[in-house]
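S.K.: here is a sequence together with a model predicted from it:
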Amino acid sequence: MSAAGWRRYLRPIWPNWRAEVDDELRHHLDLTVERLVGEGLSPAAARAEAERRFGAVAPVRDACLAIDRRRRRRLALADQATSFAQDFRFGLRMLRRSPGFSLLALLCLILAIGANAAVYSWIEGILLRPYPLVAEQDRLFALAGTERGTPGHTALSWPDFVDLQRGSTLVQSFIANNITSTTLSVGERAALIPGGIVSANYFDAIGVRPLLGRGFEPGEDIGRNAHPVVVIGYRLWQERFNGDRNVLGKALVMNGAPHTIIGVTPEGFAGTFVGYVFEFWVPASQDEVFDPTGYKQDDRAARWIEPMVRLKPGVTRDQAQAELSALTGQLERQYPAADRGRGVMLVPLWKNPFNGASLLFPALRTALVVAVFVLLIACANVGNLLLARAFARRREMMVRLALGAGRGRLVRQLLAEALALSAAATLGGLLVAYWCRHALVLFFPTRAGITFNFPGSVDWRVVVACGAVCLVATLLFALVPALQTSNIDLAAEIKAESMVGGRAKGWVRSGLVLVQVSLSFVLLVGAGLLLKSLQGIRRADPGFSTNGVLLTSINLTAAGYDTTRGRIFQDALLDRLRSQGTIASAAYARIPPFSLKPYSSAPIAVDGYEVPSDQQPTAEYDEIGPGFLATIGIPVVSGREFMRDDDTASTPVAVVNETMAARYWRGTNPVGSRLQVKGRWMQVVGVVRDARYASLQEPQKPFFYVPLRQHFSGFVVLHLRTPASPESLGPALTREIHALDPELSAGELISMRTQVDRTMSPQRAAVALLEVFAGIALLLAAVGLYGVLSYVVSQATRELGLRMALGAGASRLVRLVMTRGLILAGVGVIVGVAAAVGVTRLLGDLLYRVSPRDPMVFGSALLVMLTASVAACLVPAWRATRVDPVQALRLE
Amino acid sequence: MSPAPLDLLQGTLDLLILKTLSWGPAHGYAVARWIQQLTGEVLLVGEGSLYPALHRLEERGWIESEWRLSEHNRRAKVYSLTNRGRQQLRAEAATWGRFVEAVTKVLRANAQPA
């Protein structure tokens, strides 16, 4: 039999529908026959003629049946929706009727769902779609340079960037996007304002149309200082130009050079950088105005571009990566001097190494795991509350069952009630997330007057994710209680208001508490490990003094100084400061330790050091003034540091660190030998102790110094060795600077301790998040334990009464209850230890010199957990001793 | 002998059914007869399309059905127009009018447009 035949055979399962259609069609045939008979045909001939005219009945009937089926299905769905809405409303009414339970459950769920929503909104707003108003961010990737034999990433050179752009067929646009800054007076104050140095295609490539004017035109990014134009941000336009619509064509003087304003970006656009809101954009041709290392568009060895790419639609990262790798292979062969060993790597935005995304990624990854833990704990807690309530509502359910409510219907109604609960909690959680969306910035102190910007975004994706969490949570915490409730044995229940069922429920409840205890234990361990790492980092030796050193930036470039005037100013200021009694020494460096700004980096060569043919060693270096190393406390191991007469008139010199000496001079003392930097030979005059240069967690690396007096920069950081505090020294410093130039002001004066602490913001953020979450978890677990024990005591009232009547003392009763509670907590902790050993490895980079299995931390977590457990057990135990034996026995 | 009956355009049948039901409830056979009689047997409504169309209109909520006893004491499924169906009829009739007018204009044209 064919499939259709079978279907026809089976159809009598819905006989009514089919019969109705048959009846309807037969009615039509009958009427036709009657008419034909009326016209004079014999009944038999009339029927034959009618059937001929009608044609095949089966297809018509099937078509009608199909339409009817569709209609019925739709009606049934609407019907179900209506009945669910009824259940939901009923659920809300039930929740309102027991406000104590509802409030407690709601609070648990709001905390948990709120934690999840907040973390999702941060991940969305900072990692996944970090750039407001920028189109299709799924196709954006960071393009990082790589160097064979060296981990990490580099920037790209302009010629390489342009060649990749020319050769690639899979990448839609290459976008150069470097951070820079300038000092502008906005309103009353002078402020350091971050901005972008970008390729000419910038605004087109990211899909942002200026609100006023235009973006950049092709070619405006090439030619030394050839295109002094600027697009300004909405806030700058409002605050500095009062929203004047005639602002286009006006000049904005930045770093001494007038730039014509050609456009204003729309409100809400913050640039394409995680961490700061940009307020102006200039084409890459203006680079020299903002970066004292000069115009570098023709220099293939100068790697300074921090690009993004937009892939063509449908192109995968792997395909694009393969194409770009082939292209860099060609460049390597074509330009071995500059590009040997160099490649590129496409990096998703959430790991973008060029901005603050990489700062927060580890913390947010941890937070995500932790938020899920908190959710599970909260679900276990609410599940427990529901079970307790289910017991209390046994009578209600019994009556309903007795009145003929189906068990399925009962389960559905209980689930709807739970859904009402978690839906309300989800709304609350989303509000929590909305309030907390800017909370992460709190861990990142303002730097040089610029506030960080790490906005969470509560968009539709976050709302959908929270909706899913809400559904999953409902199933997690409500399914078991609902099934158990519907399982009431009607006969047994009605016969005796017995404790049957109480025992089974007790097991479920204990299991849930066990889960809570173990999960909170894992969180406690995690929080402890992070706390210990943070302390470890704080105590770690960066290789220079963190006490007694102050620093501040002095930007002569921005003030319009040329090299000659700049040199004179820098020397004069040092002379004035040295005559101050409180200042032991003072020196400049282009980049201070632990700055967010990158050091200079260059290809190097050393006499007698054989380079593998496919590599080109490079090293980072800093331009420093005379006495800098002594000022910040980096000891000289051999030779000397720079002196005042190491200037343009004398031999180029360099000082290397110990790691560099060991790697390139293999144990011989490099002092007196030569080092080639960017093709220029320098005399090594000293070796210094290794230090940390950008962060405490970085590995030891080769590093060297060149004299600032031979490599002038107008934007430097002044380091002062002094016992004075920033507050007390600040006025004197301002006075000395104003004596030389009343217009000039220095940046924020901070201690080296502060400078170092600021690099620990990611760890601090992670620790704070984990501590808050672990606190919530501990509280929830304690409440859960308390709830279960209270329940045990209330259920065992009769038993306790009996024991008391038989002469058991209060202390025995306390022991009885406490033992039960602590066994529960103990088993939970054991499971927790096992889980923690497996899970804490996830903390990875966030841990600093702490084993993920640190016994101290595990011990402390155990102590905290047990203390909380004892506290949670004490009240029920005390209540057990208050049981009146007479009352208890009479209850029967 | 009348000229050969014309087949109905899809959608036109819906319009005609709605119109016939606007006079009052009727069963499928009556709807078909009325259409044939009114058009002087020019438009032939095949049962193969009539009944699916009725069911489809019911699915869309433009008509509703009910089993009644007919004049000869027979069970008949009787359709009647709903409020939404009445609105739909008005809208489709207007569209049809504009359509006919437009087509007629083209067919009556004497000269090719400049």
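M.R.: Great, that's in hand.

S.K.: chain A contacts on chain B?
M.R.: B:27-29, B:32, B:46-48, B:51-52, B:55-56, B:58-59, B:67, B:70, B:74-77 (Cβ under 8 Å from any Cβ of the partner chain). For the C-beta atoms, the positions are set from N, CA and C on the backbone; glycine is no exception.

S.K.: show me those residues that map onto strands.
M.R.: B:27, B:67, B:75-77 (DSSP state E).

S.K.: of the residues you listed, buried ones?
M.R.: B:27, B:76-77 (16 or more other Cβ atoms under 10 Å in any protein chain shown).

S.K.: can you tell me which helix in chain B is longest?
M.R.: helix B:83-108 (DSSP state H).

S.K.: give the buried residues for it.
M.R.: Buried residues in helix B:83-108, counted by 16+ other Cβ under 10 Å: B:85, B:88-89, B:92.

S.K.: and it, what does it pack onto?
M.R.: helix B:12-21 (3 or more Cβ pairs under 8 Å, 6 or more residues apart in numbering or on different chains; DSSP states H and E).

S.K.: CA-only coordinates of the helix it packs on in PDB, if you can.
M.R.: C-alpha atoms of helix B:12-21 as PDB (Å, rounded to 0.1, in the frame of the first residue of the first chain):
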ATOM      1  CA  THR B  12     -12.000  36.500  -8.500                       C
ATOM      2  CA  LEU B  13     -13.900  33.500  -7.200                       C
ATOM      3  CA  ASP B  14     -13.200  34.700  -3.600                       C
ATOM      4  CA  LEU B  15     -14.700  38.000  -4.500                       C
ATOM      5  CA  LEU B  16     -17.800  36.400  -6.100                       C
ATOM      6  CA  ILE B  17     -18.400  34.100  -3.100                       C
ATOM      7  CA  LEU B  18     -18.200  37.000  -0.700                       C
ATOM      8  CA  LYS B  19     -20.600  39.000  -2.800                       C
ATOM      9  CA  THR B  20     -23.200  36.200  -3.000                       C
ATOM     10  CA  LEU B  21     -23.000  35.600   0.700                       C
END
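
S.K.: any low-confidence regions in the chain?
M.R.: Picking chain A for this. A:1-15, A:185-190, A:292-293, A:445-451, A:486-506, A:792-793, A:795-798, A:888-892 (pLDDT under 70).

S.K.: try chain B instead
M.R.: With pLDDT under 70 as the threshold, chain B has low-confidence stretches at B:1-10, B:114.

S.K.: before we move on, back to that, nearest to chain A, of the buried ones among the ones in strands among the residues of chain B next to chain A?
M.R.: Distance to chain A across these (Cβ to the nearest Cβ) is lowest for residue B:77, with 4.5 Å.

S.K.: residue contacts, the residue nearest to that closest one when sequence neighbours are not counted?
M.R.: Ranked by Cβ to Cβ, 6 or more residues apart in numbering or on different chains and with sequence neighbours excluded, the top spatial neighbour of residue B:77 is residue A:24, at 4.5 Å. Contacts of residue A:24 were listed using Cβ atoms under 8 Å, 6 or more residues apart in numbering or on different chains, and they are A:64, B:27-28, B:51, B:76-77.

S.K.: tell me which residues of stretch A:192-207 come out buried.
M.R.: Result for stretch A:192-207 [16+ other Cβ under 10 Å]: buried residues A:192-203, A:205-206.

S.K.: same for chain B: which of the residues you listed are within range?
M.R.: Of the buried residues of stretch A:192-207, not one also sits near chain B (Cβ under 8 Å from any Cβ).

S.K.: what about the closest residue to chain B within the stretch 451-600 of chain A, which SS state?
M.R.: Per Cβ to the nearest Cβ, residue A:467 is where the stretch 451-600 of chain A lies closest to chain B, at 30.3 Å. Of the three states, residue A:467 takes helix under DSSP: H, G, I helix; E, B strand; the rest coil.

S.K.: how about the contacts made by it?
M.R.: Taking Cβ under 8 Å, 6+ apart, one finds residue A:426 in contact with residue A:467.

S.K.: list of residues touching the helix or strand where residue A:736 lies?
M.R.: Secondary structure from DSSP states H and E places residue A:736 in helix A:726-740. Residues outside helix A:726-740 that contact it (Cβ under 8 Å, 6+ apart) are A:550, A:552, A:554, A:569, A:572-573, A:576-577, A:580, A:582-583, A:720, A:722, A:744-746, A:749-751.

S.K.: now, of those, which are buried?
M.R.: For the contacts of helix A:726-740, buried by 16+ other Cβ under 10 Å: A:550, A:552, A:554, A:569, A:573, A:576-577, A:580, A:583, A:720, A:722, A:744-746, A:749-751.

S.K.: okay, and which of the residues you listed map to strands?
M.R.: A:550, A:552, A:554, A:720, A:750-751.

S.K.: mind picking the two most distant members of these?
M.R.: A:554 and A:751 (17.2 Å; Cβ to Cβ).

S.K.: quick revisit: any idea which of the ones in strands among the residues of chain B next to chain A is closest to residue A:349?
M.R.: Nearest to residue A:349 among those: residue B:77, at 62.6 Å, using Cβ to Cβ.

S.K.: residues touching the closest one, list them.
M.R.: A:20, A:23-24, A:27, B:27-28, B:65-67.

S.K.: how about 6 Å then?
M.R.: Applying Cβ atoms under 6 Å, 6 or more residues apart in numbering or on different chains to residue B:77 gives the contacts A:24, B:65, B:67.

S.K.: ok, the spatially most central residue of chain B - contacts?
M.R.: Nearest residue to the geometric centre of chain B (Cα atoms, centre = their mean): residue B:16, 1.6 Å. Contact analysis of residue B:16 by Cβ under 6 Å, 6+ apart lists residue B:35.
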